[in-house]
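1. Dropping the sequence and predicted coords here.
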Amino acid sequence: MNIKNLIMGFSFLFLACQTTPMADLTPNAVIPSKKLITYQQMEFIGFIHFTVNTFTDKEWGYGDESPEIFNPTALDVEQWARTAHAAGMKQLILTAKHHDGFCLWPSQYTEHSVKNSPYKGGKGDLVGEFVAACKKYDLKAGLYLSPWDRNHKDYGTPAYITYYKNQLEELLTQYGEINEIWFDGANGGDGYYGGANEIRKIDRDTYYGWEDIIAFVKNLQPNIKIFSDAGPDVHWIGNEKGFAGSTFWSTIKTDRLTIGSSKTDYLNTGDPEGTKWIVGQCDVSIRPGWFYHADQDSLVKTPQQLADIYYKSVGRNALLLLNLPPDKRGIIHENDVKALTEFKAIIDASLATNLAKRQTASANNYRSKHSKFAPQNTLDADPMTYWATDDDVFPAALEIDMKENTIFDRIMIQEPIHLGQRISRFEVDIMGSNGWKNIFKGTTIGYKRILRISKVKTNKIRLRVKAANNTVAISNIGLFESSSKEVSQ
């Protein structure tokens, strides 16, 4: 080795010794799969409740309804899909079979189906038409298959479980990719049951053999997401108001969950000690009922009420599932479309312009002083980049310095959830004439938290994370001024 190469070698060794190695961020023990991250990123999806109940003016059919009453006069599944797409929904879920047992596809396992209705002379297949319409309008398709069946003579016996699995197989093999299957928690009670007209009770813990059914479904469609009180992919939020808890963890302990009888307050908050990541889904109807009733035409939720629900679902680390029940014509009613359209306009106007974009971020600490963890990463709108601190830095403080005084009343904060949900206590301050002023105190953040505050005007805002289960990490922060048509809550 010549003297020049020897000197260069010592120089590289010296520089290497002077450089602090970058310490990567350790993920939490419980993190979401890529498919669940993609699922939650849909944020807003729709429900279609449509069956014989639409024509009997009931919420729950008894099971003795004649298929002949199912006779929509102007059914248009593409209108459903167009409406959903225009509203910003990314998926629609259809009640392929509700508790009444009537099937919207020509199932070979029952006569209680659309094949014996006047619709298209018995040649119609609403599930097939629905899935095709979803595909045309770039929506994921989901299906609801009620575990309870008030029509079937074998409900409550092992023979019904075979029937139920046969119908699952039909739905999950004949219509292409289904993104979500929805299992309701209502199970057992009075019904027609093939003419028995009696009460049939089941043991919700054992009757269905859910572990076997879930494995059966996953075998048919490995990428499908399964919804129920207990997941395993998506869980009920614990109410039908569309509200997640103001503290909401995506982690939960599955041994505390039972389909049909889980504790609603537990579902509404999740569990910081949870051993599995299950996305929270907030289901709510645009009307008081889940099925169409003409006397509810004047009771459609207002655009402002829908906006409030949006902030209490998507804005609290959950996903919003809004029901749009078609009327007897077979289309979503004009009043519902109008409310939905105006709601979309409100949210778009309120959250379209991120006032934090192109501003400057700084922090009291960032990990290894490396650009991968720099505070400016919170302003790039990329969920995969983030600001992170060194270990055990509390409070971790991030400041955004605006170029001029800025008015806003909505604050969006996101964690990089591919690394887990971490934050359990945070505060937000703004710079006032006399120094920092606190404007919000919160607990969880997760995939997305949207804070609604009174309008403020400032040139500097600060996020202080005071407690977390791991090293602090924030992927995005946004500042917005709400639309004048939005009613603050």
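-> Here it is on my side, so go on. A quick note: this is a predicted structure, and the numbers were derived from the prediction, not measured. Numbers count the residues shown, from 1 in each chain.
2. mind listing the strands for the stretch 151-300 of the chain?
-> Applying DSSP state E, counting those that start in this stretch to the stretch 151-300 of the chain gives strands spanning 180-182, 189-191, 198-200, 225-228, 234-236, 251-252, 276-277, 279-285.
3. Put together a markdown table for those strands, with mean neighbour count and distance to residue 159 on each row.
-> No exception for glycine: its C-beta is placed from N, CA and C like everyone else's. Converted to a markdown table, those look like this (neighbours: other CB atoms under 10 Å; distance: least, CB to CB, whole Å):
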| stretch | mean neighbour count | distance to residue 159 |
| --- | --- | --- |
| strand 180-182 | 24 | 22 |
| strand 189-191 | 17 | 16 |
| strand 198-200 | 13 | 13 |
| strand 225-228 | 23 | 23 |
| strand 234-236 | 25 | 28 |
| strand 251-252 | 24 | 33 |
| strand 276-277 | 21 | 32 |
| strand 279-285 | 24 | 31 |
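4. Okay, and the beta partners of residue 283?
-> residue 321 (DSSP bridges).
5. now the nearest residue to residue 27 once chain neighbours are set aside: how far from residue 31?
-> Leaving aside its chain neighbours, residue 27 sits nearest to residue 419 (4.6 Å; criterion: CB to CB, 6 or more residues apart in numbering). For residue 419, the distance to residue 31 equals 7 Å [CB to CB, to the nearest Å].
6. what's the answer for residue 252, then?
-> Distance, residue 252 to residue 31, using CB to CB: 14 Å.
7. what do you get for residue 278?
-> 12 Å.
8. When these two are compared, which one has more neighbours?
-> residue 278 (27 against 17; other CB atoms under 10 Å).
9. what's the pLDDT at the more buried one?
-> Model confidence at residue 278, expressed as pLDDT, equals 98.
10. show me what contacts it?
-> Residue 278 sits next to 231, 232, 233, 234, 235, 250, 251, 252, 254 when contact means CB atoms under 8 Å, 6 or more residues apart in numbering.
11. Any figure for the gap between the last one and residue 211?
-> It refers to residue 254. 11 Å.
12. ok, now the third one?
-> Residue 233 sits 14 Å away from residue 211, going by CB to CB.
13. now swap in residue 381 and tell me
-> When CB to CB is the yardstick, residue 381 and residue 211 sit 41 Å from each other.
14. neighbour-wise, which of those two wins?
-> Taking neighbours as other CB under 10 Å, residue 381 and residue 211 compare with residue 381 leading, 14 against 9.
15. Doesn't that one lie inside a helix?
-> No. Counting by DSSP: H, G, I helix; E, B strand; the rest coil, residue 381 is located in no helix; its state is coil.
16. Against residue 366, how distant is it?
-> Per CB to CB, residue 381 is found 19 Å from residue 366.
17. burial count for the closest residue to residue 448 other than its chain neighbours?
-> With CB to CB, 6+ apart as the criterion, residue 448 has its nearest non-adjacent residue at 5.2 Å, and that residue is residue 414. Residue 414 is flanked by 21 other residues according to other CB under 10 Å.
18. related to what we said a few turns ago, and the strands of the stretch 151-300 of the chain: which comes nearest residue 426?
-> Smallest distance to residue 426 across the strands of the stretch 151-300 of the chain (CB to CB): 17.8 Å, for strand 251-252.
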